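1. coordinates for the following, if possible.
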Amino acid sequence: MRTTPARGFTLLELILSLAILAALGVLALSSLSVGAKGFMSSRADVETSQRARLALTRMTIDLRGLTSLTTAQDATLTFKDKDGTTTTLTRVGNTITLNGNTLIENLATYPTGSKLFTYHRADGVTAWTTSNDLSLLYEIVITLRLTRAFDPVGSAITHEFTASLNPRNTGAANSP
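-> Model (predicted):
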């Protein structure tokens, strides 16, 4: 009588195949985790950029139409437009307000020498102050330093955004 060999897997083969499968699963999950963190990080950067763009656009549109400046400091700017409307932009802590309403939050700290608003004469170097005539104000530079509102990697990355504008109603000789 002839015996047929038993078909199937031994216990050793089964354990070895499960170990290989588990190792491949761990590799796949770790690569997915890295990809997901990268996606969330990029998304947080895009959100931060959009918030900065919105705030800078709002400020530049308002500031282009200024006709007089009451306060022109590093963190506060009060001006009137051609309609006589008074507008105040102020940085308090990590927030910028527009007439007391929040315009943008999650500002990073400003290092020494770094300012929210800087004012220049036509040469681009000489500082303009409120003691100067308004017709000498050629350029206002706005610098936003933002941290991510939602930071998936927990590294608190700070981004800096800058907008430069030339007020139209100051009478500056070289304004656009």
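
2. just the helices in this protein please.
-> 11-64 (DSSP state H).

3. what bridges to T88?
-> Counting by DSSP bridges, T88 forms beta bridges with T78.

4. quick one: it from S114, how far?
-> 21 Å (Cβ to Cβ, to the nearest Å). Bear in mind the C-beta positions are built from the backbone N, C-alpha and C, glycine included.

5. go on, L89?
-> In terms of Cβ to Cβ, L89 sits 17 Å off from S114.

6. give the contact list for K82.
-> 65, 67, 169 (Cβ atoms under 8 Å, 6 or more residues apart in numbering).

7. buried among these? Make that a ChimeraX selection.
-> Here is the ChimeraX selection string for the buried members of the contacts of K82, based on 16 or more other Cβ atoms under 10 Å:
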select :65,67
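
8. least confident of the contacts of K82?
-> By pLDDT, N169 ranks lowest within the contacts of K82, coming in at 77.

9. surely that one and L63 touch.
-> No - using Cβ atoms under 8 Å, N169 is not in contact with L63, being 10.5 Å away.

10. between the two, which contacts overlap?
-> Joint contacts of N169 and L63 (Cβ under 8 Å, 6+ apart) do not exist.

11. got any ranges where the protein has weak pLDDT?
-> 1-2, 149-155, 173-176 (pLDDT under 70).

12. mind doing that once more with 80?
-> Residue ranges of the chain with pLDDT under 80: 1-9, 113, 124, 148-156, 169-176.

13. so what's the residue count around R7?
-> R7 has 5 neighbours, counted by other Cβ atoms under 10 Å.

14. got the phi and psi for it?
-> phi -100, psi 150 (degrees, to the nearest 10).

15. and it, how far from L16?
-> 18 Å.

16. skipping adjacent residues, who's closest to P167 in space?
-> L66 (5.1 Å; Cβ to Cβ, 6 or more residues apart in numbering).

17. tally of neighbours for that neighbour?
-> 23.
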